[in-house]
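# Quick one, fold the following:
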Amino acid sequence: MTDPAKDHTGLSDTFASRRYFKKFEIITEHLTRVAGTMQAEGALGKHDVKALTGYLMRLNFTFRALSMKYLLVGRDTGRFFGSLAMDTRDSGFPVAAELMTMANDAQQAEGHLANMPSEAQLKDDMVRRIIADQEVPTKLQFALSQRLYYQELLKGDLFWTQNDPECQWLGKADSERRKFLLHWAAYDSQVNLPVIYLMELEDSGKTALPKDQYRWPEVQAHLMAQGLAGLKLLTIAKGFDEDFDDLHPKRLRRYHVGPMYSSAYTEQSGPLRRVLEDAESPAGQDWAMAWTVEELTSEDVRQERSGWFGKVDREVFALDPFGGRGADTGATRTQRSIILPQRPFQVLAEQDPPGFGDVRKFVVSDAGQVLRY
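Numbering: from 1, shown residues only. The predicted model follows:
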């Protein structure tokens, strides 16, 4: 057994904390551009991109809120408020407890703001303190940072530890069935990584799924209970198929966002660590982000007896045919990608470490360009 606390560290240095949040702001912007590039290549549909970029923007808003909360970390504010706890070994992301605390803070944000001076009043007080007393108004700066934190929480659209399923209409499969895209997300507390799910299904029920006051709550509860990244896609899809006779999952995908590798912040072992160290990239470009997609598709339908006289359709899912890996992965295919700036990519190409031959590389630039290799 390992102690998870040993893999976590608190960013207690002011400048290190601010650089960390700035780094993730840059990375999430690049991730949305990568999704757009994948759409242009035909790898993603417009509904897929809309769902994925929605969750990526939520991640961005979450990091923005946390950056306000810890804006004055490392400074003497008159009270101890801790520092951001991040997972240095497995993910490079904040630990799940940070998002849980943030969810609790969001429930009480209105009460906190009601008892705080306004943003304008705090700024006026800071100016007076600087001019009259000729001192840095650290305590007032801290009060303003906390106000900005609670204001970000009230805006909503944040990425929580559980993000309930949403349903998008895709059209009709035939005269009797409707097609929907379900998407939901979770922040896996075991590895401290965001995980996004997209499921395409056909609905043969009498009432459209999102309007069905009985089935839709059951579907939401069922899917949120399956939000752990450790479960195989085959397990999730078969369980869903067997629990809902008139819902037929045709395609299920799971996107693992991360880990994030950085020579300045993380301690992951492996080739990427050496690549980032040898690249000696300037601040803001010393990172690499993994992006893994698992996909499970239905290749056939069989009928199964239900009750005395009825029959229901059950999906037959295709598993990876190469080397018997399908039984192990529970997926039809798995695609690994890595997103990184140009300088680390050049070092990666020069060193050519084993295991990266089938990994797609997306090289991003400050100008917003995305190149795929």
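# Pop out the phi and psi values for Lys232.
Reported as degrees, to the nearest 10, the phi and psi values for Lys232 are phi -70, psi 150.
# Relative to Asp125, how far out is the residue of the chain positioned farthest from its centre?
Going by CA atoms, centre = their mean, the residue of the chain most distant from its centre is Ala132, 46.5 Å out. Applying CB to CB, to the nearest Å, the value for Ala132 to Asp125 is 10 Å. For every residue, glycine as well, the C-beta is placed using N, CA and C.
# Strands along this protein, start to end?
With DSSP state E as the criterion, the chain has strands at 8-11, 84-87, 162-172, 178-188, 193-203, 247-262, 287-306, 310-318, 333-341, 360-364, 370-372.
# in the last one, what counts as buried?
Neighbour counts using 16 or more other CB atoms under 10 Å place Val370 of strand 370-372 among the buried residues.
# Also the second one?
Going by neighbour count (16+ other CB under 10 Å), the buried part of strand 84-87 is 84-87.
# same thing with the third one?
Residues of strand 162-172 classed as buried: 163, 165, 167-168 (neighbour count, 16+ other CB under 10 Å).
# quick check: domain ranges of this protein?
Listed domain ranges for the chain are 4-155, 162-372 (source: automatic domain parsing).
# any idea of the mean pLDDT for the first one?
Rounded to a whole number, the mean pLDDT of domain 4-155 is 88.
# For stretch 226-238, give me every contacting residue.
Residues from elsewhere that reach stretch 226-238 (CB atoms under 8 Å, 6 or more residues apart in numbering): 162, 184-186, 188, 190-191, 193, 195, 197, 199, 239-240, 249, 252, 254, 256, 294-296, 315, 317, 319, 329-331.
# Show me which of those are buried.
By neighbour count, with 16+ other CB under 10 Å, these hold 184-186, 188, 191, 193, 195, 197, 199, 239-240, 249, 252, 254, 256, 294-296, 315, 317, 319, 329-331 as buried.
# pull the longest helix from the chain.
As assigned by DSSP state H, the longest helix anywhere in the chain is helix 14-40.
# what angle separates that one from strand 287-306?
Here the directions of helix 14-40 and strand 287-306 differ by 50 degrees (axes from the mean of the first three to the mean of the last three CA atoms, to 10 degrees).
# Run through the stretch 201-350 of the chain and note the low-pLDDT ranges.
227-229, 307-309, 321-328 (pLDDT under 70).
# and Arg215, how many neighbours does it have?
By other CB atoms under 10 Å, the residues close to Arg215 number 18.
# roughly how far apart are the nearest residue to it once chain neighbours are set aside and Met260?
In space, and not counting its chain neighbours, Arg215 is closest to Leu209: 6.1 Å by CB to CB, 6 or more residues apart in numbering. Using CB to CB, we find Leu209 at a distance of 35 Å from Met260.
# which one of those two has more residues nearby?
Set side by side, Leu209 and Met260 show more neighbours around Met260, with 23 against 19, by other CB under 10 Å.
# quick one, what contacts that one?
For Met260, the contact set (CB under 8 Å, 6+ apart) comprises 24, 27, 91-93, 266, 287-290.
# Enumerate the beta-bridge partners assigned to the residue nearest the centre of the chain.
Centroid-nearest residue in the chain: Pro194, 3.2 Å away (criterion: CA atoms, centre = their mean). Beta-bridge partners for Pro194, by DSSP bridges, are Tyr187.
# can you tell me which of the strands of the chain comes nearest to Asn104?
For Asn104, the closest of those is strand 162-172, at 13.8 Å, according to CB to CB.
# Which strands border that closest one, and is each parallel or antiparallel?
By DSSP bridges, strand 162-172 pairs with strand 178-188 (antiparallel).
# Give me the angle between the strand it pairs with and strand 193-203.
Calculated by the same axes, to 10 degrees, strand 178-188 forms an angle of 160 degrees with strand 193-203.
# Distance from strand 178-188 to the middle of the chain?
Distance of strand 178-188 from the chain centroid (CA atoms, centre = their mean, to the nearest Å) equals 13 Å.
# and what of stretch 236-247?
25 Å.
# List the buried residues of it.
Quick answer for stretch 236-247 (16+ other CB under 10 Å): 236-241, 244-247.
# Make JSON lines from the strands of the chain and add distance to Trp216 to it.
As requested, those are exported to JSON lines (distance: least, CB to CB, whole Å):
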{"stretch": "strand 8-11", "distance to Trp216": "38"}
{"stretch": "strand 84-87", "distance to Trp216": "34"}
{"stretch": "strand 162-172", "distance to Trp216": "7"}
{"stretch": "strand 178-188", "distance to Trp216": "10"}
{"stretch": "strand 193-203", "distance to Trp216": "11"}
{"stretch": "strand 247-262", "distance to Trp216": "10"}
{"stretch": "strand 287-306", "distance to Trp216": "22"}
{"stretch": "strand 310-318", "distance to Trp216": "20"}
{"stretch": "strand 333-341", "distance to Trp216": "30"}
{"stretch": "strand 360-364", "distance to Trp216": "36"}
{"stretch": "strand 370-372", "distance to Trp216": "37"}
